[in-house]
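> Quick one, fold the following:
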Amino acid sequence: MVKGEKLLEEIVNTCEDRKGENCIVLNMANITPVADYYVICHGNNERQVQAIAKAVKETAEEHQVDNIKIEGLENGRWVLIDLGAIVCHVFHKEERDYYHLERLWGDATKISIGEGH
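Here you go, the predicted model:
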């Protein structure tokens, strides 16, 4: 397993360990230049969303990821954690249902990682 794939697996495990629900990974490499992978999950309240996002940041730091960018942490409704090749979207359930990124990026291949797969 290459370094990026190991980090991807660790990010998914972190989301699931913090009780992030319905974690999915989309391969975005041939779809957008923004990132190679999107990790998407949700929590059921703002505090849980914030806890998941903070844990993802800590995991990335443990793997020496530089220049981590986080948006939306203060509100806990949709937190975007940009790790370079991996972008993690941690939603509040209501926001995830509304924006439904899986449908928006429906042509992306889903990758099986984590407990749900």
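> Okay, residue 112 and residue 25: tell me how far apart.
Going from residue 112 to residue 25 by C-beta to C-beta, to the nearest Å gives 8 Å. Backbone N, C-alpha and C define where each C-beta goes, glycine included.
> Comparing those two, which residue is more hemmed in?
Neighbours around residue 112 and residue 25, counted as other C-beta atoms under 10 Å, are more numerous at residue 25. The numbers are 24 against 9.
> quick check, that one in a strand?
Yes - the assignment for residue 25 by DSSP: H, G, I helix; E, B strand; the rest coil puts it in a strand.
> okay but it is in contact with residue 36, surely?
No - using C-beta atoms under 8 Å as the test, residue 25 is too far from residue 36 to be in contact (10.3 Å).
> Buried residues, stretch 66-77. List them.
For stretch 66-77, the neighbour count (16 or more other C-beta atoms under 10 Å) marks 70, 72, 76-77 as buried.
> got the residues you listed as a markdown table, with distance to residue 105 columns?
Shown next, in a markdown table, are those (distance: C-beta to C-beta, whole Å):
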| residue | distance to residue 105 |
| --- | --- |
| 70 | 21 |
| 72 | 19 |
| 76 | 23 |
| 77 | 20 |
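> Show the contacting residues for the spatially most central residue of the chain.
Note on the chain: the residue nearest the mean C-alpha position is residue 88, at 2.4 Å, using C-alpha atoms, centre = their mean. Neighbouring residues of residue 88 by C-beta atoms under 8 Å, 6 or more residues apart in numbering: 11, 15, 38-41, 53, 56, 80-81.
> which one of the residues you listed is nearest residue 96?
Checking these against residue 96 with C-beta to C-beta, the nearest one is residue 40 at 7.4 Å.
> need the next SSE after the biggest helix by length in the chain, C-terminal direction.
Ordering each helix of the chain by length in residues (DSSP state H) puts helix 46-62 first. Next helix or strand after helix 46-62 toward the C-terminus (DSSP states H and E): strand 69-71.
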